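> A predicted structure for the sequence below; I have some questions about it.
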Amino acid sequence: MNTSTGFSEHQFKSEVMIHQALVYRLAKGLLVSKEEAEDVVQEMMTRLWMQKDSLVQVDNKRAFIAKMTKNYCLDRLKSKQAQRVSWDTVHEKLAIWSPEQPMEAKESVEMIYRCLAQLPETQRLLFQLRDIEGMEYQEIEEITGMQPVAIRVALSRVRKTLKNHVLQQNQHGLTK
Amino acid sequence: MKKIIDRYAEGLSSLAEEQLLREWSAAPQTDEPQELAWAQLMRGISQAKESEPQQLWAPPVRTIPRFQRFKYTAIAASVALVLGTNTKKDKPKSPTSKHWPHLSSFLNKCKKPTNQ
């Protein structure tokens, strides 16, 4: 199917560039910043373009790109460039929604990201990969190198945490 | 639906079940606060799936180097010069023409007006 000479520009567009949104969402979830996520998209795509000849040998390009993005974001988190943002600034950094969007949907997404920002990177990453990107467990294992049971346990924990957070917000809203 | 929610909460649900949950969350027929919280979470996830970068990356445009055309012109001129000097083999060669043929031909050209 693929030639050994590397990707053509057309192939690169159809097989790699279609994952830009995945890179963006993963980076946004991990770095909790829209601006940084935009930077990561540019950086990742440039890196992938530079090594497009070796990409031919990669079977699962989505998993490969997700893993590359994860590693890059975690490195960036460790560096001084990307410091953890506080709960209060998450709202500003995730101001991605246009005024036309329904308020409830906007609040739900912001609530999710606010809560995610407080969780460990692994839980954030797993939630992103499974619930937002809809990846199979096998693919998640490939990206994270975690055991299936550990993935399910961590996912269960993050989902319950998020649900309890939503519940608390709703109760708080009702009692106000 | 409660069973699926429980499976989802325990990390045991399949992708198909999770899709069902998202569809259910658009209009959940329940008053139970726990289920409503799950529905709200699922709606948030559905919205988060749609976010995309504002600035998309594009492959670099391949441009012709600025001096590319001059490179070929220079090569052609050099070849022409070398061939031009090599055609004058029948003339007796002075020491100058032996060691510096280009200089010799230049000097010959300079001498021509004085001979006439």
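Arrived safely, thanks for sending.
> So what's the residue count around residue A:40?
24 (other CB atoms under 10 Å in any protein chain shown). To be clear about C-beta, it is placed using only N, CA and C from the backbone, and glycine gets the same treatment.
> Quick check: phi and psi on it?
phi -60, psi -40 (degrees, to the nearest 10).
> for it, what are its contacts?
For residue A:40, the contact set (CB atoms under 8 Å, 6 or more residues apart in numbering or on different chains) comprises A:23-24, A:27, A:31, A:69, A:72-73, A:76.
> Just the CA atoms of the longest helix seen in chain B, as CSV, please.
In chain B, with assignment by DSSP state H, the single longest helix is helix B:68-86. Output in CSV follows, covering the C-alpha atoms of helix B:68-86 (Å, rounded to 0.1, in the frame of the first residue of the first chain):
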residue,chain,number,x,y,z
GLN,B,68,19.2,28.7,-8.8
ARG,B,69,18.9,30.2,-12.3
PHE,B,70,22.2,32.0,-12.0
LYS,B,71,23.9,28.7,-11.0
TYR,B,72,23.1,27.1,-14.3
THR,B,73,24.0,30.3,-16.2
ALA,B,74,27.4,30.3,-14.5
ILE,B,75,28.1,26.7,-15.3
ALA,B,76,27.1,27.2,-18.9
ALA,B,77,29.4,30.2,-19.2
SER,B,78,32.3,28.4,-17.6
VAL,B,79,31.9,25.4,-20.0
ALA,B,80,31.8,27.8,-22.9
LEU,B,81,34.9,29.6,-21.8
VAL,B,82,36.9,26.4,-21.4
LEU,B,83,35.8,25.1,-24.8
GLY,B,84,36.6,28.4,-26.4
THR,B,85,40.1,28.5,-25.1
ASN,B,86,40.8,24.9,-26.1
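> contact partners of it?
Contacts of helix B:68-86 (CB under 8 Å, 6+ apart): B:101-102, B:105.
> now do stretch B:29-41
Against stretch B:29-41 from outside (CB under 8 Å, 6+ apart): A:104, A:108, A:112, A:159, A:162-164, A:166-167, A:170-171, B:1-2, B:5, B:8-9, B:21, B:24-25, B:28.
> next one: that stretch to chain centre, how far?
Computed by CA atoms, centre = their mean, to the nearest Å, the separation of stretch B:29-41 from the middle of its chain amounts to 49 Å.
> next one: stretch A:9-20
19 Å.
> State the mean pLDDT of the longest helix seen in chain A.
Longest among the helix segments of chain A by residue count, using DSSP H, is helix A:148-175. Helix A:148-175 comes out with an average pLDDT of 86.
> Just the buried residues of that helix, please?
A:151-152, A:154-155, A:157-159, A:161-163, A:165-167, A:169 (16 or more other CB atoms under 10 Å in any protein chain shown).
> Show me what it packs onto, helices and strands only.
helix A:103-116, helix A:121-127, helix A:137-144, helix B:2-9, helix B:33-48 (3 or more CB pairs under 8 Å, 6 or more residues apart in numbering or on different chains; DSSP states H and E).
> Show me the least confident stretch of the ones you listed, going by mean pLDDT.
Mean pLDDT per stretch puts helix A:103-116 lowest among the helices and strands packed on helix A:148-175, at a mean of 74.
> Show me what it is in contact with.
A:28-29, A:32, A:87, A:90-91, A:94, A:97, A:123-124, A:127, A:158, A:161-162, A:165-166, A:169, B:40-41, B:43-45, B:47-48, B:51.
> PyMOL command for the buried members of these?
Restricted to buried positions by 16+ other CB under 10 Å, the PyMOL selection for the contacts of helix A:103-116 reads:
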select buried, (chain A and resi 28+29+32+90+94+97+123+124+127+158+161+162+165+166+169) or (chain B and resi 40+41+43+44+45+47+48+51)
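> From the chain's centroid, how far away is stretch B:25-34?
50 Å.
> What distance do you get for residue A:155 to residue B:103?
83 Å (CB to CB, to the nearest Å).
> do residue A:126 as well
Using CB to CB, residue A:126 is found at 78 Å from residue B:103.
> Settle it for me: which of these two has more neighbours?
It is residue A:126, of residue A:126 and residue B:103, that has more neighbours when counted by other CB under 10 Å, with 27 against 11.
> Surely the more buried one touches residue A:143?
No - at 9.6 Å, residue A:126 does not count as touching residue A:143 under the criterion of CB atoms under 8 Å.
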